[in-house]
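Undergrad: sequence first, predicted coordinates after that:
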Amino acid sequence: MAGDILREQLLELLDGQGAHMPFEAAVAGFPDGAINRRPPNVPYTPWHLLEHIRIAQADILDYIRNREYLAPEWPEEYWPARNAMATPAEFARTIARFEADREALHALVADPATDLLAVIPNTPGHTILREIRVIADHNAYHVGEFAILRQVMGTWPANRSER
């Protein structure tokens, strides 16, 4: 069925399959000592970037679920404060919260009762399909950026394959 194929492809997109690096591969083995280090010519740290991805994804999940939704202030509330620092436990919590919210989006898409094409109430015509595409695109962009930051910072494990 066409609906099943659409759901499968959206789930693959959310999971970073196909032409994108999966989130889990990008963050695997990230060294604690580099969490708060700013790469050259970049105004944020690796943790700032991951926290931004998490916040944006949580925002879209809220937008889909909450009919009393209020958008955070852009850009201030979509990024941690410039001087904010994370402990290794906070870094791990950012990753876990991202994965939990992605799993909630995953469950929503996988549920046959979810009408992916229905307009979300109180929106300017947005659908769940649109929102999943927006967040998957946003995640893919920034996961790729995170991978490049790792390359620039030299934080990939020495035994990592380039493919």
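TA: Received, thanks. Numbers count the residues shown, from 1 in each chain.
Undergrad: could you list the buried residues of the longest helix anywhere in the chain?
TA: Secondary structure assigned by DSSP state H gives helix 128-153 as the longest helix of the chain. Residues 128-132, 135-136, 139-140, 142-143, 145-147, 149-150, 153 are the ones in helix 128-153 that count as buried (16 or more other Cβ atoms under 10 Å). Just so you know, the C-beta spots here come from the backbone N, C-alpha and C atoms, and that holds for glycine as well.
Undergrad: same check on stretch 20-28?
TA: Neighbour counts using 16+ other Cβ under 10 Å place His20, Phe23, Ala26, Val27 of stretch 20-28 among the buried residues.
Undergrad: wait, doesn't the last one sit right on Thr94?
TA: No: taking contacts as Cβ atoms under 8 Å, Val27 lies outside contact range of Thr94: 9.2 Å.
Undergrad: hang on, the earlier thing: so for the longest helix of the chain, mean pLDDT?
TA: Within the predicted structure, the mean pLDDT of helix 128-153 is 97.
Undergrad: and that helix, what does it pack against?
TA: Of the remaining helices and strands, those touching helix 128-153 by 3 or more Cβ pairs under 8 Å, 6 or more residues apart in numbering; DSSP states H and E are helix 2-14, helix 23-27, helix 46-65, helix 88-110.
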